[in-house]
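K.L.:
Next comes the sequence, and after it the predicted model I'd like to discuss.
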Amino acid sequence: MTTSADDHTRLPARPRPEPDALSAPYWDGLRAHKLMLQRCRACGRVRHYPRPLCDHCYTFEHDWQEARGEGRVHSWTVCHHAFHPAFKQALPYALVTVDLAEAVRLQAPLRGSDPALLRVDQPVIVDFEDIDDTLTLPCVRVRA
Ligand SMILES: [Zn+2]
């Protein structure tokens with residue numbers, strides 16, 4: 001028979017992103033508590049997640065800009081089953097899809113509020129969680 005402490009020590013490691021040359025500015029930005037978005041040099045459209053070319057004009061050239069960190073709730077789901085064992089102890093948690101002010105969507109976990117109080121179009125802000133010394137992830141909080 002195992003105890004909960006034994007179970008905790010046997011949890012698999014959390015899956016981690018694998019930054020590459022294309023996405024490194026995004027991950028580096030998060031570590032600096034900045035949400036960085038790609039902006040097409042040809043048509044000016046902002047895109048997220050990081051990808052090689054603009055899905056509007058198919059141009060490869062882009063710059064990075066810091067997001068305002070504000071948006072509104074598009075939708076959410078409350079997870080009651082872990083898709084990976086490493087997240088089991090976080091259950092239940094809300095994963096929110098946010099319409100950012102830059103007209104792109106971001107998915108991030110909700111922090112600091114009861115998911116039962118979420119509403120479509122509710123103002124939220126992007127915040128940052130330092131997972132460890134090399135990984136920071138975005139989260140969202142309901143704007144006061
Ligand atoms: Zn473009």
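P.N.:
Sure thing, it's come through.
K.L.:
going forward, measure contacts and count neighbours with C-alpha atoms only.
P.N.:
Will do.
K.L.:
need the residues of the protein near the ion, please.
P.N.:
40, 43, 54, 57 (C-alpha under 5 Å from the ion).
K.L.:
can you list the weak-confidence ranges in this structure?
P.N.:
Across the chain, the ranges flagged by pLDDT under 70 are 1-10.
K.L.:
Tell me how it divides into domains.
P.N.:
Here the domain assignment for the chain is 19-66, 68-144, based on automatic domain parsing.
K.L.:
Tabulate the ones you listed (JSON lines), appending mean neighbour count.
P.N.:
Shown next, in JSON lines, are those (neighbours: other C-alpha atoms under 10 Å):
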{"stretch": "domain 19-66", "mean neighbour count": "16"}
{"stretch": "domain 68-144", "mean neighbour count": "16"}
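K.L.:
Give the other helices and strands that the longest strand anywhere in the chain contacts.
P.N.:
Counting residues, the longest strand found in the chain (DSSP state E) is strand 70-79. Packing partners of strand 70-79 (3 or more C-alpha pairs under 8 Å, 6 or more residues apart in numbering; DSSP states H and E): strand 93-100, strand 123-130.
K.L.:
could you check the angle strand 93-100 makes with that strand?
P.N.:
On the basis of axes from the mean of the first three to the mean of the last three C-alpha atoms, to 10 degrees, strand 70-79 is oriented at 150 degrees to strand 93-100.
K.L.:
Adjacent strands (with direction) for strand 70-79?
P.N.:
Paired neighbours of strand 70-79 in the sheet (DSSP bridges): strand 93-100 (antiparallel), strand 123-130 (antiparallel).
K.L.:
Adding distance to D28, write those out as JSON lines.
P.N.:
Below are these laid out as JSON lines (distance: least, C-alpha to C-alpha, whole Å):
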{"stretch": "strand 93-100", "distance to D28": "20"}
{"stretch": "strand 123-130", "distance to D28": "12"}
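K.L.:
just so I know, which of those strands lies nearest L110?
P.N.:
For these, the distance to L110 is smallest for strand 93-100, at 5.5 Å, taking C-alpha to C-alpha.
K.L.:
List every C-alpha atom in that closest one, with coordinates, as CSV.
P.N.:
Extracted as CSV, the C-alpha positions of strand 93-100 are listed here (Å, rounded to 0.1, in the frame of the first residue of the first chain):
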residue,chain,number,x,y,z
TYR,A,93,-8.3,23.5,-12.8
ALA,A,94,-9.8,25.9,-15.4
LEU,A,95,-8.1,26.3,-18.8
VAL,A,96,-9.2,29.6,-20.3
THR,A,97,-9.2,30.7,-23.9
VAL,A,98,-8.6,34.5,-24.0
ASP,A,99,-9.2,36.9,-26.8
LEU,A,100,-6.2,39.1,-26.3
